[in-house]
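1. model the following, please.
(4 chains)
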Protein chains: 2
Amino acid sequence: MKKTNVTTLPEINASELDLLKVLWREGALAAREVHTRLGERNSWAYSTTRTVMERMVGKGLVEKKLFHGLNLYEAKISRPAGLARLVRNFADRVLELDPAPVVSLFAEGEALSAEEIRELSRLLEEAKP
Amino acid sequence: MKKTNVTTLPEINASELDLLKVLWREGALAAREVHTRLGERNSWAYSTTRTVMERMVGKGLVEKKLFHGLNLYEAKISRPAGLARLVRNFADRVLELDPAPVVSLFAEGEALSAEEIRELSRLLEEAKP
DNA sequence: TTCTTCATGCGACAACTGTAGCACGTACGC
DNA sequence: GCGTACGTGCTACAGTTGTCGCATGAAGAA
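-> Alright, predicted model coming up:
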């Protein structure tokens, strides 16, 4: 079972990225909690949040696990793995350049730890040849 | 009539970007020509190419003009404008950073002229506040 | 026990995308 | 004049995404 192959990861669209960000930040959450966290940025109905998450489970982006009778959702792909997918795509198609320089841009922000940046870099490197 | 407002530009998806690249590079082309240029990268049927282009006309990304009885398609948005849309999106959502540093990455490649890079930069700047 | 509140599983429907095919008309080679 | 080759306008149909609502069942409040 290949686990970190960037190229075979499913696409991540805008909505999905929003949800993933919440899960990456807060770990496993109940649907209701995810919905609340989304609250400001998003005006979805609760059922919409659930549908999107449920579909992400189907795509393998999110994992659903029963915890004392309550369903918790957790990101199934790491943040570096998800970002790698997006960065590679952007570098290839828009920049038409190697993704490496893009990675260094993350260093300016605070979204990623140094550790995650290294991991991101590694993932992009590894899928290169 | 606002002409270069990045934020109101329609989304540009992967297929559309492919077509736009051809048109940016070669100017106005007949559907058949576009299809041929796409040939290597793309295994669409000719009718698919036409459908996608026609839809792009509807979205205002491409313009169709009759030339001596033949329809020619031409990009309606400039390359810097299109790229601005994509860069802004990526910077906002993935990098969670200002788009300016991304622009400087274009300097490394040869896809854009210095002039276009300036224009791209200007467009991103102007839509900022 | 009965009422109220949620979580959860399902179903729905419209818009957008991927991917074509068909029919008609016109221009051109024979 | 006729058949052949395209350009063009339409139509189609399945899969994905956006966006919800409904019904059922379990758990807690009264």
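
2. mind listing what's buried along the one helix or strand residue A:37 maps to?
-> Secondary structure from DSSP states H and E places residue A:37 in helix A:31-38. Neighbour counts over helix A:31-38 (16 or more other CB atoms under 10 Å in any protein chain shown) mark A:31, A:34, A:35, A:37, A:38 as buried. From N, CA and C alone the C-beta is placed, and that goes for glycine too.

3. how does chain A divide into domains?
-> Described in terms of automatic domain parsing, the domain architecture of chain A consists of the residue ranges A:12-75, A:79-126.

4. just name the most buried of those.
-> Comparing the domains of chain A by mean neighbour count (mean count of other CB atoms under 10 Å in any protein chain shown), domain A:79-126 comes out on top with a mean of 18.

5. tell me if that one is near DNA strand D.
-> No: Domain A:79-126 stays clear of DNA strand D (CB under 7 Å from any atom of the strand), getting no nearer than 12.8 Å.

6. give the next helix or strand downstream of the helix holding residue A:37.
-> Heading C-terminal from helix A:31-38, the first helix or strand you meet, by DSSP H and E, is helix A:46-59.

7. anything in that following helix near DNA strand C?
-> Yes: Helix A:46-59 comes into contact with DNA strand C when judged by CB under 7 Å from any atom of the strand, the residues involved being A:47, A:50, A:51, A:54.

8. now do residue A:72 against residue A:126, distance only.
-> The span separating residue A:72 from residue A:126 equals 30 Å under the rule CB to CB, to the nearest Å.

9. same question for residue A:98.
-> As for residue A:98, its distance to residue A:126 is 14 Å (criterion: CB to CB).

10. now do the closest residue to residue A:44 other than its chain neighbours, the pLDDT please.
-> Excluding its sequence neighbours, the residue lying closest to residue A:44 (CB to CB, 6 or more residues apart in numbering or on different chains) is residue A:38, at 6.8 Å. What the model reports for residue A:38 is a pLDDT of 89.

11. kindly report the same for residue A:5.
-> At residue A:5, the pLDDT value in this model is 40.

12. cool, and residue A:1?
-> The confidence metric pLDDT takes the value 29 at residue A:1.

13. equivalent analysis for residue A:69, please.
-> 84.

14. please apply the same query to residue A:55.
-> We note a pLDDT of 96 for residue A:55 in this prediction.

15. quick one: contacts for it?
-> Applying CB atoms under 8 Å, 6 or more residues apart in numbering or on different chains, we find residue A:55 in contact with no residue.

16. now swap in residue A:37 and tell me
-> Residue A:37 sits in contact with A:22, A:26, A:29, where contact means CB under 8 Å, 6+ apart.

17. residue A:78 contacts residue A:115, doesn't it?
-> No: shown here, residue A:78 and residue A:115 do not form a contact pair, counting by CB atoms under 8 Å, at 11.0 Å.

18. related to what we said a few turns ago, and the residues of helix A:46-59 next to DNA strand C as TSV, adding distance to residue B:91?
-> Shown next, in TSV, are these (distance: CB to CB, whole Å):
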residue	distance to residue B:91
A:47	32
A:50	30
A:51	29
A:54	30
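
19. determine the three-state secondary structure at the closest residue to DNA strand C within chain A.
-> Residue nearest to DNA strand C within chain A: residue A:71 (2.9 Å; CB to the nearest atom of the strand). Classification of residue A:71 by DSSP: H, G, I helix; E, B strand; the rest coil places it in strand.
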